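Visitor: Sequence first, predicted coordinates after that:
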Amino acid sequence: MNPLAERMRPDSLDNYIGQQHLIGENAILRKMIESGHISSIILWGPPGVGKTTLAHIISKRLERPFYTLSAISSGVKDVREVIDRAAKARFFNPASPILFIDEIHRFSKAQQDSLLAAVEEGTVTLIGATTENPSFEVISPLLSRCQVYVLKSLEHEDLIRLARLAIEKDSELSKLNINIAEEAALVRYSGGDARKLLNILEMVCNAQLGADEIVIDDKHITEILQQSPAFYDKNGEMHYDIISAFIKSIRGSDPDAAVYWLARMIEGGEDPKFIARRILISAAEDIGLANPNALLMANQAFDAVNKIGWPEGRIVLSEAVIYLATSPKSNSAYNAINDALSFVKQTGNLPVPLHLRNAPTKLMEKLNYGRDYMYAHDYPGHFVQQQYLPDAIPTQMFWHPQENPAENNMAERMKALWRNIKVY
């Protein structure tokens, strides 16, 4: 039997829940669909908000051939084969077939390049689905040929409406006596994701099969989810709880805990690039100047994961996580930029001292731009004391070195250079 989420997949706009800004009455996407004319589009939104369902509804409404590719399992060869089939299909139907690409952000540049001619010539109408910002993940030539529509997480009312609809209409749940006594946990753990909500609803109902009344409340939902360690919400509260525990374990120098939370994210299907990005941030924020090599390690891990993918990428991430967790810690760089930003907001645009300004024109030279600037490399040790901050704050300090061997050495050097001016 198909999962509840699949059984409840709507087949028309009238049964589609959410995204009223796109498919509600007189909304732009509904107008395009009802007119029978739709251009290539990219649907951008979090998981479980109806991107794939909407693509299927469009295809059915427009009565066009429908081809599907997954960016995870398809290569350039697969793309070209589908395009060839679509071109042949146009002999029997003048309207261009629809090519749906799920997770299009995972397509390489070469794979995206292979789509360009077919999209531009109208051989296919492309519908791409992505959870990532297409500005960063889709090549510009392809992006310029598509209209991007943003889908939103489902609201509380949408989720509860979907749950009640499943209880009433689903072939299996409609046979049961189900009572939604509390909504808070159901909505919270769903995280705006329709698929997640239906999965939770099905799990809780299955756990109480045989009871006279199946009760959906906060207690039952929390207990069921705690008993399912592989259950991982990539967009909801559990997602944020686990990434928080992961980062705090690295910060707290506990490599075992850090690797455990890494495993939880991997097992839950988290995007490896998301994990790698968080490792990069941690390297700069929590290890920082105490071990600058941590940032290099994290950056190399990010690149390596993109190159080799799964499952080998898990080894790279594990190595980086253990290295960061066992490194000395410092957040002095993090504190310095935060303090500087706060100071700038309070003091506004203080003028740049004249000797630090460029003088590209004769007028600027006459106004003393750049005059009296001392070129550091002309002096012993490549250093000379001069003012680099605005005149109003000549000795203001933002970086305060912390106690670790690396920053102790930095502080000693700064004390020697800036003696009698700055106190490190």
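Guide: Thanks, I have the structure now. Being a predicted model, the structure only gives us computed values, none of them experimental.
Visitor: can we go C-alpha only for contacts and neighbour counts from here?
Guide: OK.
Visitor: If I look at Leu341, what pLDDT would I see?
Guide: Note on Leu341: pLDDT of 89.
Visitor: for the one 4 residues further on, same thing?
Guide: Here, the pLDDT recorded for Lys345 equals 86.
Visitor: Report the secondary structure state of it.
Guide: Secondary structure, DSSP: H, G, I helix; E, B strand; the rest coil: Lys345 is helix.
Visitor: What is the burial count for it?
Guide: For Lys345, the count of nearby residues is 10 (other Cα atoms under 10 Å).
Visitor: and it, what is it in contact with?
Guide: Under the criterion of Cα atoms under 8 Å, 6 or more residues apart in numbering, Lys345 has no contact partners.
Visitor: if you set the cut-off to 10 Å instead, what comes out?
Guide: Asp339 (Cα atoms under 10 Å, 6 or more residues apart in numbering).
Visitor: now do Gln386
Guide: Gln386 neighbours (Cα under 10 Å, 6+ apart): 355, 372-374, 376, 394, 418, 421.
Visitor: That one: helix or strand, and which one exactly?
Guide: Gln386 belongs to no helix or strand when assigned by DSSP states H and E.
Visitor: so where do the strands sit in the stretch 51-200 of the chain?
Guide: Taking DSSP state E, counting those that start in this stretch to define them, one finds strands in the stretch 51-200 of the chain at 66-70, 98-102, 125-130, 147-150, 178-180.
Visitor: hang on, the earlier thing: looking at the contacts of Gln386, state which has the most neighbours.
Guide: His355 (17 neighbours).
Visitor: Confirm that that one sits in a helix.
Guide: Yes: looking at His355 with three-state DSSP, it is inside a helix.
Visitor: burial of the residue lying closest to it once chain neighbours are set aside, as a residue count?
Guide: The shortest distance from His355 to any non-neighbouring residue, by Cα to Cα, 6 or more residues apart in numbering, is to Gly370 (4.2 Å). Gly370 has 17 neighbouring residues, counting by other Cα under 10 Å.
Visitor: cool, Ile242 as well?
Guide: Neighbours of Ile242 (other Cα under 10 Å): 18.
Visitor: now swap in Leu417 and tell me
Guide: Under the neighbour criterion other Cα under 10 Å, Leu417 is assigned a count of 15.
Visitor: Return the distance of it relative to Leu176.
Guide: 78 Å (Cα to Cα, to the nearest Å).
Visitor: Can you mark which positions in stretch 270-286 are buried?
Guide: 270, 272, 275-276, 278-286 (16 or more other Cα atoms under 10 Å).
Visitor: tell me the pLDDT at Ala304?
Guide: 88.
Visitor: no, scratch that, I was asking about Asn93
Guide: With respect to pLDDT, Asn93 has a value of 68.
Visitor: for Ile139, same thing?
Guide: For Ile139, pLDDT reads 88.
Visitor: And for Tyr232?
Guide: 49.
Visitor: Same check on Gly348?
Guide: 82.
Visitor: how much space between Arg413 and Phe383?
Guide: Noted for Arg413: a distance of 12 Å to Phe383, by Cα to Cα.
Visitor: my guess is Glu202 meets Ala5, correct?
Guide: Yes: the pair Glu202 / Ala5 is scored as a contact, 8.8 Å apart, by Cα atoms under 10 Å.
Visitor: what sits in contact with each of the two?
Guide: Going by Cα under 10 Å, 6+ apart, residues that sit against Glu202 and also against Ala5 are 166, 196.
Visitor: deepest of the strands of the stretch 51-200 of the chain, which one?
Guide: Of all those, strand 125-130 carries the top mean neighbour count, a mean of 26, counting by mean count of other Cα atoms under 10 Å.
Visitor: Quick one: list the elements packing against it.
Guide: strand 41-44, helix 51-62, strand 66-70, strand 98-102, helix 109-121, strand 147-150 (3 or more Cα pairs under 10 Å, 6 or more residues apart in numbering; DSSP states H and E).
Visitor: For the ones you listed, could you give me a markdown table that also reports distance to Ser135?
Guide: Below are the helices and strands packed on strand 125-130 laid out as a markdown table (distance: least, Cα to Cα, whole Å):
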| stretch | distance to Ser135 |
| --- | --- |
| strand 41-44 | 10 |
| helix 51-62 | 18 |
| strand 66-70 | 20 |
| strand 98-102 | 17 |
| helix 109-121 | 13 |
| strand 147-150 | 10 |
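Visitor: Sounds good, over and out.
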